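> Sharing a model prediction with you, sequence too.
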Amino acid sequence: MIILFGPPGAGKSLQGQLLSKQKGLNWLSTGQLLRDSTDPHIHAIMATGELVGDEDMNRVIGEAIDKTPPEVDIILDGYPRKIEQAEWLLDKADQINRQVTAVISLEVSDEELVRRLHGRGRADDSSESIIRRSHLYRQKTRPVLDFFAKHKVRVATVNGEGSIENIQERIKQAFENAN
Ligand code: ADP
C-alpha cells in the first residue's frame, strides 16, 4: 500500500487517480468513499469540515481494502488523517499481509492551497470548512508523517506545485523509487 499524503487542496485525488491508472493500482479515496455513503450523519460531519469518527471511517476503508484482490496494490488518498488511524492501518496491514511501502507527501504553499480550494466549489468548500480542514490538517494529520518515519515507513516529499504533468512525473518517480 502507498499513502498519498498532503493538505486539503494538494491534488491528492487527481494525482492518485492518474498514478493508479498508469500503475494498475486500486485508488481508495476516503473523501470519495464517504461522499458515496448513504448515511446522512456522515454527510453532516463532512459539511462542517470535521473528521468523521474513527469507527465509521475505519469500517468504510477496511471494507474497501478487503474488497481489493490481494495481487492488486492499493493507493490510499485521505487516509490516515490522524495518528490513531495510522496505528489502525499498520495493524490492519499486518493482519492481511500487506505492507505500507511508502508515503508520498505532496507539498503545496498555503497561498496556493487557499486559491485552489476557493476555485473548486465542492459542497464542503465553504470558507469555514476550508479553514477548519486546514487547521485539522496541521494539528492532527501532519504529525502522521513523523509517526510513519518512526515506524520505518519511507516518506518521500514531492513538490505539488507546477503543471499536472510535471507533478505526475515527480510522483511516478517517487513511486518507482519506493518499489
Ligand atoms: P480534502 O482533503 O480537500 O479535505 P477529502 O475529500 O479528502 O477532501 O475529505 C473530505 C471530508 O471527508 C473531510 O473534511 C472529512 O470530513 C472526511 N474525511 C476524509 N478522510 C477522512 C479520514 N481519514 N478521517 C476522517 N474523516 C475523513
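It's in.

> what pLDDT does the residue in the chain that the ligand sits nearest to get?
Residue of the chain nearest the ligand, by Cβ to the nearest ligand atom: Gly31 (1.8 Å). The C-beta positions use only the backbone N, C-alpha and C, and glycine is treated the same way. Note on Gly31: pLDDT of 94.

> Can you give me the distance of the residue sitting furthest away from the middle of the chain to Val155?
Residue farthest from the centre of the chain, counting by Cα atoms, centre = their mean, is Pro40 at 22.4 Å. From Pro40 over to Val155 the distance is 37 Å, taken as Cβ to Cβ, to the nearest Å.

> residues from this structure in reach of the ligand?
8-9, 30-31, 34, 45-46, 49-52, 57, 78-81, 85, 124, 133 (Cβ under 6 Å from any ligand atom).

> Out of the residues you listed, which sit inside helices?
Those of those mapping onto helices are 30-31, 34, 45-46, 57, 85, 133, per DSSP state H.

> what's next to stretch 77-95, contact-wise?
1, 3-4, 12-13, 16, 27-32, 51, 54, 57-58, 61-62, 65, 76, 99-100, 136-137, 140-141, 143-144, 147-148, 151 (Cβ atoms under 8 Å, 6 or more residues apart in numbering).

> same thing but 7 Å
Stretch 77-95 has contacts (Cβ atoms under 7 Å, 6 or more residues apart in numbering) with 1, 4, 12-13, 16, 27-31, 51, 54, 57-58, 61-62, 65, 99-100, 140-141, 143-144, 147-148, 151.

> Which entries within those residues meet the buried criterion?
Buried residues within the contacts of stretch 77-95, counting neighbours by 16 or more other Cβ atoms under 10 Å: 1, 4, 12, 16, 27-31, 51, 57-58, 61, 65, 100, 140-141, 144, 147-148.

> Tell me the confidence at Arg120?
85.

> which phi and psi does the residue farthest from the centre of the chain have?
Backbone torsions of Pro40, given as degrees, to the nearest 10, read phi -60, psi -30.

> again with Lys140
Main-chain torsions, Lys140, degrees, to the nearest 10: phi -110, psi -40.

> tell me how far the ends of stretch 89-102 are from each other?
Stretch 89-102 has an end-to-end distance of 13 Å (criterion: Cα to Cα, to the nearest Å).

> and that stretch, what's its mean pLDDT?
97.

> And for stretch 21-28?
Stretch 21-28 comes out at a mean pLDDT of 97.
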